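Participant: what's the 3D shape of this:
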Amino acid sequence: MEATTREANEEVETLIGEFASRVLEGKSAADLFGVDEDFVFDVVDRAYNLYLNKSYEKAEVLLRGATALDETQSYPFLLLGDVLLQRGYFADAAEVLSKAEALESESAEVAAKLGEAQVQAGQEEAAMVTLRRAMELLDDDSVHRPRTEALLNMASDRTAAQVDAKGDQS
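Facilitator: Numbers count the residues shown, from 1 in each chain. Predicted structure coming up:
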């Protein structure tokens, strides 16, 4: 009995060591727990369909699960951020979209959406930096360009108004 317990403990230690190594290698939770990559893509696809049907709360639930399982893909974070924007959770949207940006820093769409969330969350200075970068990344004929430019102007106007208000108080 003692030998069996020792062998079981050694096996558990080996499994924990292998699991820890995979964590240190940056494996996603989906990989760690053996969830098929296609499953995560299917969840995101279902969430997108819910998003299209304006079932934002249900889409959020699926996307939170998908991003918990796989933190290596930017699109689920982008979609979750957009869902949170639609639901009025602007600061949360900015936080989630920052994760998308960290994964895909050269994406004009991610930068534009992050800038939008930052404007809506009252983070004008950060929004101006993000939206300027988005404008640099966006193609001239991009459908995102007019809205991004309008948001940049809005953030700039708000920042100027805050500076004026501080000056009036002095």
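Participant: from here on, contacts and neighbour counts on C-alpha atoms
Facilitator: Noted.
Participant: report pLDDT for the spatially closest residue to residue 58 that is not a sequence neighbour.
Facilitator: Leaving aside its sequence neighbours, residue 58 sits nearest to residue 50 (C-alpha to C-alpha, 6 or more residues apart in numbering; 6.9 Å). In this prediction, residue 50 carries a pLDDT score of 96.
Participant: now residue 50: how far from residue 150?
Facilitator: Per C-alpha to C-alpha, to the nearest Å, residue 50 is found 28 Å from residue 150.
Participant: give me the more crowded residue out of the two.
Facilitator: For residue 50 versus residue 150, neighbours defined as other C-alpha atoms under 10 Å are more numerous around residue 50 (18 against 13).
Participant: other SSEs contacting the host helix or strand of the more buried one?
Facilitator: Secondary structure from DSSP states H and E places residue 50 in helix 37-52. Counting by 3 or more C-alpha pairs under 8 Å, 6 or more residues apart in numbering; DSSP states H and E, the packing neighbours recorded for helix 37-52 are helix 29-32, helix 56-69, helix 74-87.
Participant: got a markdown table for those helices, with distance to residue 113, mean pLDDT and mean neighbour count too?
Facilitator: A markdown table is the format used below for the helices and strands packed on helix 37-52 (distance: least, C-alpha to C-alpha, whole Å; pLDDT from 0 to 100; neighbours: other C-alpha atoms under 10 Å):
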| stretch | distance to residue 113 | mean pLDDT | mean neighbour count |
| --- | --- | --- | --- |
| helix 29-32 | 26 | 66 | 17 |
| helix 56-69 | 17 | 93 | 19 |
| helix 74-87 | 7 | 98 | 24 |
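Participant: in JSON lines, list those helices along with distance to residue 129.
Facilitator: Formatted as JSON lines, those follow (distance: least, C-alpha to C-alpha, whole Å):
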{"stretch": "helix 29-32", "distance to residue 129": "33"}
{"stretch": "helix 56-69", "distance to residue 129": "26"}
{"stretch": "helix 74-87", "distance to residue 129": "18"}
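Participant: so which of those helices comes closest to residue 118?
Facilitator: helix 74-87 (10.1 Å; C-alpha to C-alpha).
Participant: what residues of the very next helix or strand once past the closest one count as buried?
Facilitator: Sequence-wise, the next helix or strand downstream of helix 74-87 (DSSP H and E) is helix 90-103. Going by neighbour count (16 or more other C-alpha atoms under 10 Å), the buried part of helix 90-103 is 90-101, 103.
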